[in-house]
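Asks: when you get a sec, could you give me coordinates for this:
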Amino acid sequence: MSEHIVYPRVYITIFLVLLVGTVLTILAAFRDFPGPLNAVLALTIAVIKATFVVLYFMHVRYSGRLVWLVIAAALFWLAIMFALTISDYSTRSWLPIA
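Replies: The predicted structure is shown next:
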């Protein structure tokens, strides 16, 4: 079984992309966007950075279909957990205050 060879140029490029993402996160933290846009922007940048880390530094991009299936299942489970948490949180205002 041969391993995929990743050139250092790819790692340097991803490192620079992550640095740019970090700078964007810092710049966005000092800006005041209307409404909940601050959290949306910060989470969007974080998801993009996490995607690059998973794909390149964890070598998922060059893995087989079983690894992709495990990643997809984990993301599906995370979506279920978020949906349950959000549904619980959004219905708490319906309860009477005792």
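Asks: state the mean pLDDT of the helix or strand residue 78 falls within.
Replies: Using DSSP states H and E, residue 78 falls within helix 65-90. Average pLDDT, helix 65-90: 94.
Asks: so how far is it from its chain's centroid?
Replies: Between the centre of helix 65-90 and the centre of its chain there are 12 Å (C-alpha atoms, centre = their mean, to the nearest Å).
Asks: helices and strands around that helix, which ones?
Replies: The criterion is 3 or more C-beta pairs under 8 Å, 6 or more residues apart in numbering; DSSP states H and E, and there are no helices or strands that helix 65-90 contacts. Quick note: C-beta positions are derived from backbone N, CA and C, even for glycine.
Asks: which residues of this structure fall in strands?
Replies: With DSSP state E, there are no strands along the chain.
Asks: show me where it has its helices.
Replies: Using DSSP state H, the helices of the chain run over 8-29, 37-52, 65-90.
Asks: what angle sits between the first one and helix 37-52?
Replies: To tie it back to what came earlier, the one meant is helix 8-29. If you take axes from the mean of the first three to the mean of the last three C-alpha atoms, to 10 degrees, helix 8-29 sits at 170 degrees to helix 37-52.
Asks: I'm done for today, thanks for sticking with me.
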